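Participant: Model the following, please.
(chains A and B)
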Amino acid sequence: MKLEITKTVLLNALQKVQNIVSLRSTLPILSNVLLQADKKNLTLTTTDLEVTMRCTVEANVLKAGATTLPARRLASIIRELPEGLVEIEVDDKDVASVTCGSSFFKIIGLSEDEFPPIPKAEGKFAYTMDQSAFAEMLRKTAYAASADETRYVLNGVLLSFKNGKLTMVATDGRRLALVEQEVEFPAEAQADYILPTKPVNELMHVLRDEGTLKIHASDSQLLLEFDDIVLATKLIDGTYPNYRQVIPAQSEERVAIERESLLTALRRVSLVTTDKSNATKLTFTKNKLSITMTTPDVGEARETLPIKYAGKDLSVAFNPEYMMDPLKNLTNDEVVLELTDELSPGVMKADIPFLYVLMPMRVG
Amino acid sequence: MSTLNGVELWKKACKHLQEVLHPDVYSRWIAVIEATALEGNQLILSVDNDFYQTWLEENYLPLIQSAIASVVEEPIQPVFRVNQKPVGVPEPQAAPPARAQIDAPSSRSRPAPRVDLNAKFTFDQFIVGPSNSFAHAASLAVAQAPARAYNPLFIYGGTGLGKTHLMEAIGHHVRSTSHSRICYISSEAFLNEYIDALQNRGLVAFRKKYRNTDLLLIDDIHFLASKERLQEEFFHTFNALFDARKQIVMTSDRPASEITGLEQRLVSRFEWGLVTELERPDLETRVAILRHKQQQAQVERPLADDLLMFIAQHVSSNIRRLEGALIRAISYASLTGKELTLESLQYLLRDTLEQEQQGEVTVSSIQRMVAEHYDMRLTDMTSKCRQRSIATPRQIAMYLCRRMTNNSFPNIANAFGKTHATILHAYKTIDNRMDVDPELRRSVQQISQKLGRALG
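Facilitator: Now for the predicted structure:
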């Protein structure tokens, strides 16, 4: 295999795929990136057996072929090279010679035969939507997914294609985030998929603001195609719990608050929290919201916000991190809080189909 | 003692909850709970699915606890169980497509806990010979009918004889034939997880993880020795699994009864099912193993039979070393491109061969070596003479016996014709003096080197 490619193009492609490579892998081949050169393209593939990511870029291929090279090492070498054309030549023993200007590297690789087979784009159903819309939906839900491995069905985001809508849900047992968007797909393609956290994080990283995304789905895997990238991932095997039971039917009080000011106030107050004590109290009185936090041995903080509120006096405590998560990821000017009392769940809404259920904390 | 039963107790607790909670919350989360029983000081509350359990444990547990506390004085702990109603969701057969992929640990497709099985350790990679045929047959029986054939299965044998291989092979076989939850863990990892759980108050999750597996594979169980809390925890895990008719497989480097510092009740449980030993492989098996490994390595120029025979004859203590010697011979041949002869092989493996010749350090070999070093008679080792010139070397010998062999204090005492207290005293004396007396330290190191092993 022999080819020439611009440094920036190669580096961009490597940076897109290298995150899939796990740092401590059981099989040496999984730390490598598969390079396949044919006609005019170079395809880079990495996998951890759960998630496989491919990126195809243009290159001046002098001799077609394939090999695998250590992904992270290759990326750090390419990053440091001077701007310009990089020439890569690989011999029969999978030793790659990388030349760029006055720099020369010899990198020992492994044979492409050892690389796990690449999942193909075959699925029962296909869905098409905007990249940016999909990424936005992930951003608005992913933070609420559970990291507790004993609850493996919650270790990801639910994608539910039903009634002409895509609903994304994530929960960890203390809060739940839900977002909906209308998507066109054939009626028989109604289905649920649980996308694990790792590919979700990768997708939020590589999806762009424009262009379309094509999803091919089967029972156990999802394959997403966009731009020059193909990402295939195994799905979490299991049934997602009935999340609708968590959403309160009706709340007694409803208050609209400016998102930015609520976020800044919470951020300031949260500076006095510790791991043990983090219940932040929100007290609603007529046209006033005060956010207070008292930590033994540390001190206390209080923020006051003017709001439009005419309901009953109400006081409820939440974990400030959990409150800030959706505020950081929403873009609306205003959010609506729906509350009942200090023991009932709070609900945050925005003027898009977004809903966030948050359990209150009990304070002494 | 209260005469309340579980159902009544729960009814009263509900009244309290109804007062504090909003009706919507109450009807959504509390009214759906059904109290089933009061077991000891645990109130069993059953719910319809595990999501209820998660959400209730996470958010309403303290409230429910305080409601119960206001009804009865005794400390009663609410415990949630998922109602095992046939909800009509049979585990969808995740139709395993002809997977050409490397079958590596997959945490997504299989419920927790994670299984990290070595893909190479399967039954067809295991070479059966007279020394291990019994253990192999027993493992195969267990793999084909978990929890029905022999439970627990206890495999023991020296290092590098295939304990872990057999155990993981059971795991692989069960995984490929059923949807059981498999948990493979070394005792050390078990200990670490337990400590983690203690620190982070995650004992419930820890117990749930281990008591909800269908097949528990625990490696190097002798590591539990002298860890009382862990033994206690394992004892209960063992009982829970055993009562639920789940298979348990353990490995150890010595028989259960010889693991010092292991509680008697555990020892007796370990010996309950089938105990099988892995012995050192005989010459023919060793040759067979070498041929198999060579075939697997797909070398271009395989070693001649007489060279394999030479390796098998001279490396007998364990299979890892056997494999190491083979790899060295093969890579020599492929890297230098030279034909390997018997002489060059002998030279190549010289250090392995030396170690093999030295064999094991025994009490009598230590006695002999110490006597030689200090130029005294072997009988002085067991004599009652208390002259310092004789007593100190004797103490050194006792110290080395304790450090370099697996013998217990009473065993060593027998060999020296003393009581175990004498040995203990000698051990402590030398151990302390080594820190302050460089002369003594040098002597001890010299002797241990002559014995072919450096002190760790």
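
Participant: which SS class is B:Arg148?
Facilitator: Here B:Arg148 takes the coil state, with states given by DSSP: H, G, I helix; E, B strand; the rest coil.

Participant: now the closest residue to A:Met204 other than its chain neighbours: how far from A:Val183?
Facilitator: Distances taken as C-beta to C-beta, 6 or more residues apart in numbering or on different chains put A:Leu138 closest to A:Met204, at 5.2 Å, once the chain neighbours are dropped. In this view, the C-beta of every residue, glycine as well, is placed from N, C-alpha and C. Distance, A:Leu138 to A:Val183, using C-beta to C-beta, to the nearest Å: 14 Å.

Participant: residue contacts, the closest residue to chain B within the stretch 201-350 of chain A?
Facilitator: The stretch 201-350 of chain A approaches chain B most closely through A:Pro241 (3.2 Å), counting by C-beta to the nearest C-beta. A:Pro241 makes contacts with A:153-154, A:171, B:49-51, B:54, as judged by C-beta atoms under 8 Å, 6 or more residues apart in numbering or on different chains.

Participant: give me that answer again for 7 Å
Facilitator: Neighbouring residues of A:Pro241 by C-beta atoms under 7 Å, 6 or more residues apart in numbering or on different chains: B:49, B:51.

Participant: Tell me the secondary structure of it, please.
Facilitator: Strictly by three-state DSSP, A:Pro241 counts as coil.

Participant: just for the chain, where's the confidence low?
Facilitator: This is for chain A. The model of chain A has pLDDT under 70 over residues A:364.

Participant: Let me rephrase: I mean chain B.
Facilitator: B:1-4, B:84-115, B:354-360, B:452-456.

Participant: name the element the closest residue to chain A within it belongs to?
Facilitator: The minimum distance from chain B to chain A, using C-beta to the nearest C-beta, falls at B:Phe51 (3.2 Å). Taking DSSP states H and E as the criterion, B:Phe51 maps to helix B:50-59.

Participant: ok, the helix or strand just after that helix near chain A or not?
Facilitator: Scanning forward in sequence from helix B:50-59 by DSSP H and E, the next helix or strand is helix B:61-69. Yes. Looking at helix B:61-69 against chain A by C-beta under 7 Å from any C-beta of the partner chain, the contacts come from B:Pro62.

Participant: so after helix B:61-69, what's the next helix or strand?
Facilitator: With DSSP H and E, the next secondary element past helix B:61-69 is strand B:77-82.

Participant: So the chain: which segments form each domain?
Facilitator: Since no chain was named, I'll use chain A. A:2-114, A:125-244, A:247-358 (automatic domain parsing).

Participant: Hmm, no, I was thinking of chain B.
Facilitator: B:6-82, B:123-278, B:283-358, B:363-450.

Participant: Mean neighbour count, these: which tops it?
Facilitator: Among the domains of chain B, ranked by average contacts under mean count of other C-beta atoms under 10 Å in any protein chain shown, first place goes to domain B:123-278 (a mean of 18).

Participant: Now the terminal residues of that domain, how far apart.
Facilitator: 15 Å (C-alpha to C-alpha, to the nearest Å).

Participant: Any part of it near chain A?
Facilitator: Yes. Domain B:123-278 is in contact with chain A by C-beta under 7 Å from any C-beta, via B:205, B:208-209.

Participant: can you map out the strands along the stretch 101-250 of chain B?
Facilitator: Counting by DSSP state E, counting those that start in this stretch, the stretch 101-250 of chain B has these strands, from start to end: B:153-157, B:182-186, B:215-219, B:247-252.

Participant: Give me the angle between the last one and strand B:182-186.
Facilitator: If I follow you right, that is strand B:247-252. Here strand B:247-252 points in a direction 20 degrees away from that of strand B:182-186 (axes from the mean of the first three to the mean of the last three C-alpha atoms, to 10 degrees).

Participant: and what of the first one?
Facilitator: Between the axes of strand B:153-157 and strand B:182-186, defined by the same axes, to 10 degrees, the angle is 30 degrees.

Participant: which strands and helices sit next to strand B:153-157?
Facilitator: Identification of packing neighbours for strand B:153-157 by 3 or more C-beta pairs under 7 Å, 6 or more residues apart in numbering or on different chains; DSSP states H and E yields helix B:133-144, helix B:163-177, strand B:247-252, strand B:274-278.

Participant: My read is that A:Lys2 contacts A:Val86, right?
Facilitator: No. With contact defined as C-beta atoms under 7 Å, A:Lys2 does not reach A:Val86; the gap is 11.9 Å.

Participant: who's more crowded, the two?
Facilitator: Using other C-beta atoms under 10 Å in any protein chain shown as the criterion, A:Lys2 and A:Val86 rank with A:Val86 on top: 25 against 16.

Participant: quick check, the more buried one in a strand?
Facilitator: Yes. Counting by three-state DSSP, one finds A:Val86 located in a strand.

Participant: Name the nearest residue to it, ignoring sequence neighbours.
Facilitator: Going by C-beta to C-beta, 6+ apart, A:Val86 has A:Cys100 as its nearest residue, at 4.5 Å.

Participant: Equivalent analysis for A:Ser22, please.
Facilitator: A:Ser22's closest residue in space is A:Asp48 (C-beta to C-beta, 6+ apart), at 4.9 Å.

Participant: burial of that neighbour, as a residue count?
Facilitator: 20.

Participant: what's it sitting at in phi/psi?
Facilitator: Here is the backbone geometry of A:Asp48 (degrees, to the nearest 10): phi -120, psi 20.

Participant: Repeat that for A:Phe125.
Facilitator: Torsion angles at A:Phe125 (phi, psi; degrees, to the nearest 10) stand at phi -130, psi 160.

Participant: same question, A:Asn155
Facilitator: phi -80, psi 40.

Participant: quick one, what contacts the residue of chain B closest to chain A?
Facilitator: A:241-242.

Participant: Relative to A:Leu42, how far out is the residue nearest in space to the middle of chain A?
Facilitator: Nearest residue to the geometric centre of chain A (C-alpha atoms, centre = their mean): A:Asn201, 2.9 Å. Per C-beta to C-beta, A:Asn201 is found 25 Å from A:Leu42.

Participant: How many neighbouring residues does A:Ser344 have?
Facilitator: 22.

Participant: tell me the secondary structure for it?
Facilitator: Looking at A:Ser344 with three-state DSSP, the answer is coil.

Participant: What residues does the closest residue to it other than its chain neighbours make contact with?
Facilitator: Spatial nearest neighbour of A:Ser344, chain neighbours left out: B:His22 (4.4 Å); criterion: C-beta to C-beta, 6+ apart. By C-beta under 7 Å, 6+ apart, B:His22 lies in contact with A:340-341, A:343-344.

Participant: And for B:Gln77?
Facilitator: Counted by C-beta under 7 Å, 6+ apart, B:Gln77 has contacts B:41-42.

Participant: Let's see that with 6 Å instead.
Facilitator: B:Gln77 sits next to B:Gln42 when contact means C-beta atoms under 6 Å, 6 or more residues apart in numbering or on different chains.
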